[in-house]
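[1] 3D, please:
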Amino acid sequence: MASNKKYWKSVEELDQNSSIVKTLQENEFVEDIPTDEFLGDKEILGASSTTRRDFLKYVGFTTAAASLAACEGPVIKSIPYVVAPDEIVPGVANYYATTMADGFDFANVLVKTREGRPIKIERNDLAANGGVNARVHASVLSLYDNNRLKSPRVGDENVTWEAFDAAAAEKMQDMAGKDVVLLTQTFASPSTSKLIKEFTAAYLNVRHVTYDTVSSSGALDAFQQKFGTRAMADYDFGKAEVIVSVGADILGDWQGGGYDAGYAQGRIPKNGKMSKHIQFEANMTLSGANADNRIPLKPSDQKKVLVALTGGSTSGLPENVAQAVAMAKKLMSKAGSKAVIVTGLPDAASQSSVLDANAGSVVMDTAKPKMTRSANNAEVEKVMNGVINGSVKGLITVGVDPVYSFPNDDFKAAYEKLDMSIAFAMKYDATASLAQLVGATPHYLESWGDVQMKKGSYSLIQPTIRPLYKTRQFQETLLAWAKNETSYLDYIKETWSDVLGGTSWNKALEAGVLTSEATVDVAPVVAADMLESSSSNGAMSAAQVGDMELVLYTKTSMGDGQQANNPWLQEMPDPITRTSWDNYVTVSSADAKKLGLVNENVANGGLNGSLVNVKMGKTIIENVPVLIQPGQALGSVGLALGYGKKEAVQEEMQTGVNAYRLNSLSTGTLAVSLEKVTGVHEFACVQLHNTMMGRDIIRETTLEIFNTENVKEWNPVPQVSKDHEEIPVTSPEADLWTSFDRSIGHHFNLSIDLNACTGCGACVIACHSENNVPVVGKAEIRRSRDMHWLRIDRYYSAEESFEVDQEKKEGFDGLFGDNGSLGGFGELEDPSANPQVAFQPVMCQHCNHAPCETVCPVAATSHSRQGQNHMAYNRCVGTRYCANNCPYKVRRFNWFLYSENDEFDYHMNNDMGRMVLNPDVNVRSRGVMEKCSMCIQKTQLSILDAKRDGRTVKDSEFQTACSNACDKGAMVFGDINDHDSEVFNSKKDKRMYHLLEAVGTKPNVFYKTKVRNSTKA
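    Residues are numbered from 1 along each chain as shown. Sure, this is the predicted structure:
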């Protein structure tokens, strides 16, 4: 029972008469080649005396914009060391274990450095806490941000740290007896917690309050009331048989994130079993996209569902929702201790009910809870109101930007009137730009520190480069203000005297992580009277007047907005909407129709959308673009946080609107109204790029069919016709090529498991970082000129369940009539209000019979014995024949010089930004084709290292950037000629298939059929 489901990327594809889709299908490059721009007067150029190379340039431009001026890349001279550091060997990378902890993202990482420069972030395999998401991978670029603060400031002047300390001491003396608040991010740091307690003990008028811009206050309050510690329960979804989520994006940033690796392991069919996931939500999230059953519900209805799931009645719920609740309860009862229920509802009552329901679950861990959030909304609201009403006289902010992120518009004016305002920040952000004193803090890659992410799990932060600017850690400043001459590094060592146990400091620093039974409290104390009640049932009642319920969320790329000036993240397409460089209001198709809101594609494939004003009480956000999102719950809208920053963000990246203005420090439902306004917004959306609709792309089946039917039924080998007879495409008779022995030496393959891939995008940013992939900007993305070597295609299917889709296809009776396939397939292509979603990473397939190689007139692309499809950039003249002949559409034409070009100022126009470049990979100049190289620089290094050591290469040593970044096991890379390798065993899996295998390209990348556990209880 093979899957022939009709998948589609965008609504525009569903219009059979769309001239836009037809144009995109027939012509990959939809705009005229701007030859005049580069060549000027072609007649003069043609009549001139030219060399053969000039002639080829000219011909290239006039036919297909080949080398676009010159093929020569920029020459950058290096200066040798006068005295070389002992640990640095030119050309050899060093790796350092450290930890990222910016208050929102917490991750244990390895930092790759070259000649003293951090150039790439990788996973620390010794760590068991969370994963390394796209933002963590991109954080290395933020180190080289030219907009960082370069020295402390007093008023509008840059000063020395001595002058800063003197001014701060004078301010603190003047504030004696007045209410001063130290408002910080969550550090989860034993040494910082201890240091702050010492500071507030010395300055009795200073009180410490933590502030999480994206709060988990309700979950923290509920956990504190139940277990006495301000923390959050941890979950290992790999142990779950049944997962029921009510508004919790467990594959996103819910309660700090990091759950996707465990989740993915439970989703891979093993011994005929896999976990069952049911999702109740409003926005289409990564979790909803990966769930077996997704039920769209606005937040106020989610509260009713949670009550029903935890022992209440289903009365008042729609019939389909009541049936889903009954199914979920039956499945949870059957799974017993291997069932778990989670919720993203913000109130303590909901969170408390979940803790009670999971009391016997092996999935939930309360003994070693997560410490990566600590803020209490009531305390934060008290500080905000205190500044506004004047009761708080001084505010010291550390790692937070309340002027940007507080919801009250009156806070900014009140902040400017404070008697004392001191901001410790890495950027001259909205708060720092108004503060009287600004302390310039370093990037985490320039810092010392420690973190306790989970109780008993400790991590160290160590610098991987000397501070680039005159910055100083906040902790060093506290020590200086306390007249303590101890360095912060020594202070950490002193704090860790109990944590280390029998482990040496150097061993702990080398590993970066340590498990210890020592008890070090990092959570701030929150008074009982500040905790939200965990027994109130009315906590989710509507807080505002409006006809739509708003869900604020964080994008996988942007998070809480701390890295808004990072072009890698701005250009990363959102996994669900496939849109970059923007945030927007997501609405359902039905609600959009009522309000007269539209999305439409224009001739070049670009997406346009209506604009609305979003109103919540007195707060109005004007001219917000609208994106019609399949799967959005009726009566709800979504809007991403983290956008709309202006201060310390270069003009090209000042995108989107500030949704924090609509945020609430209470747990009431956010009710808003939308008002359509004139104008059209232009999105940078890649939904229609290189569409593959209607071809054998996503293969899927149900767990029941997977377990009971022959593999030929759900994963058949494609058939081709030879002499009017059908033969398998794998047959030698179907092969037009002369093959040669590929069993000698190494031969690389990449396995991609569609069940384990959650669409998170970490691999996309890792590829950017490793391979110097350029950022092209919003305008070029809109022209279909994105340069990503790896993309994650997102497909929607028409039916909400596999069974319904299958029944419709198999029930077609002839071409015509009420039940004919002619109209039936068209019906299957109609968008569903709640579609199923599939993600598929696609990169160069490194075909053994590569169609790109046969059409290149200058042999710029060729095949290696090791199975990699090579590109010789200095041979390429840019004919683009290879791109037109590639069925996978994975080749990218380099239209412009993206480095040192003022038109593309994305950190590559200054010496600081270019420090992130990987010297093992060249920077491509304009006029050439580029694509995935299967990280040949990494495979060759592994081979050479083994040759130097006189040994064979270990299977785990062969890695690509994407496979190394994927902690979910979705990507496995290795040598297919090593019969003990993981990739060899993976290729024998009965779920294995090749993308578009019928074409006969024999790719070295293979996929595993997606299995959905959609069997009813």
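
[2] Contacts only, for residue 101.
    The contact partners of residue 101, by CB atoms under 8 Å, 6 or more residues apart in numbering, come to 187-189, 372, 444, 449, 451, 453, 459, 461. Backbone N, C-alpha and C define where each C-beta goes, glycine included.

[3] other SSEs contacting the strand or helix carrying residue 704?
    Residue 704 belongs to helix 703-708 when elements are defined using DSSP states H and E. Other elements packing on helix 703-708 under the criterion 3 or more CB pairs under 8 Å, 6 or more residues apart in numbering; DSSP states H and E are helix 711-714, strand 1010-1012.

[4] Could you give the separation of the longest one from the chain centroid?
    Here the centre of mass of C-alpha atoms in helix 711-714, compared against the chain's by CA atoms, centre = their mean, to the nearest Å, lies 34 Å away.

[5] Could I have the CA atoms of it written out in CSV?
    The C-alpha trace of helix 711-714 is given here as CSV (Å, rounded to 0.1, in the frame of the first residue of the first chain):
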residue,chain,number,x,y,z
VAL,A,711,7.5,-3.9,2.3
LYS,A,712,6.6,-4.0,-1.4
GLU,A,713,3.2,-2.6,-0.5
TRP,A,714,4.4,0.5,1.3
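
[6] tell me the average confidence for the top strand by length along the chain?
    Identified as the longest strand of the chain according to DSSP state E is strand 670-685. In this model, strand 670-685 has a mean pLDDT of 91.

[7] give the contact list for the residue lying closest to residue 373 once chain neighbours are set aside.
    With CB to CB, 6 or more residues apart in numbering as the criterion, residue 373 has its nearest non-adjacent residue at 4.3 Å, and that residue is residue 216. Counting by CB under 8 Å, 6+ apart, residue 216 makes contact with 232, 255-256, 373, 375.

[8] I'd like to know how many residues surround the nearest residue to residue 357 once chain neighbours are set aside.
    Ranked by CB to CB, 6+ apart and with sequence neighbours excluded, the top spatial neighbour of residue 357 is residue 310, at 4.9 Å. Using other CB atoms under 10 Å, residue 310 is surrounded by 18 other residues.

[9] how far away is residue 310 from residue 596?
    40 Å (CB to CB, to the nearest Å).

[10] And residue 95, by the same measure?
    Residue 95 is 56 Å from residue 596, by CB to CB.

[11] From the contacts of residue 216, which land in helices?
    Applying DSSP state H to these, no entry is found in helices.

[12] Neighbour-wise, which one of these leads?
    residue 375 (27 neighbours).

[13] That residue against residue 218, yeah?
    No: between residue 375 and residue 218 there is no contact under CB atoms under 8 Å: 11.1 Å.

[14] what distance separates stretch 1001-1012 from the middle of the whole chain?
    23 Å.

[15] Please apply the same query to stretch 479-491.
    37 Å.

[16] swap in stretch 203-214?
    With CA atoms, centre = their mean as the basis, the mean position of stretch 203-214 lies at 30 Å from the chain mean.

[17] and the residue nearest to residue 357, how far is that from residue 349?
    Applying CB to CB to residue 310 and residue 349 gives a distance of 11 Å.

[18] which regions of the stretch 751-900 of the chain lie under the pLDDT threshold?
    Where the stretch 751-900 of the chain drops to pLDDT under 70, the residues are 798-832.

[19] ugh, typo on my part, it should be the chain
    1-17, 19-87, 130, 534-545, 667, 688-694, 798-832, 1015-1017.

[20] any idea which helix is longest in it?
    Longest helix in the chain, counting by DSSP H: helix 319-335.
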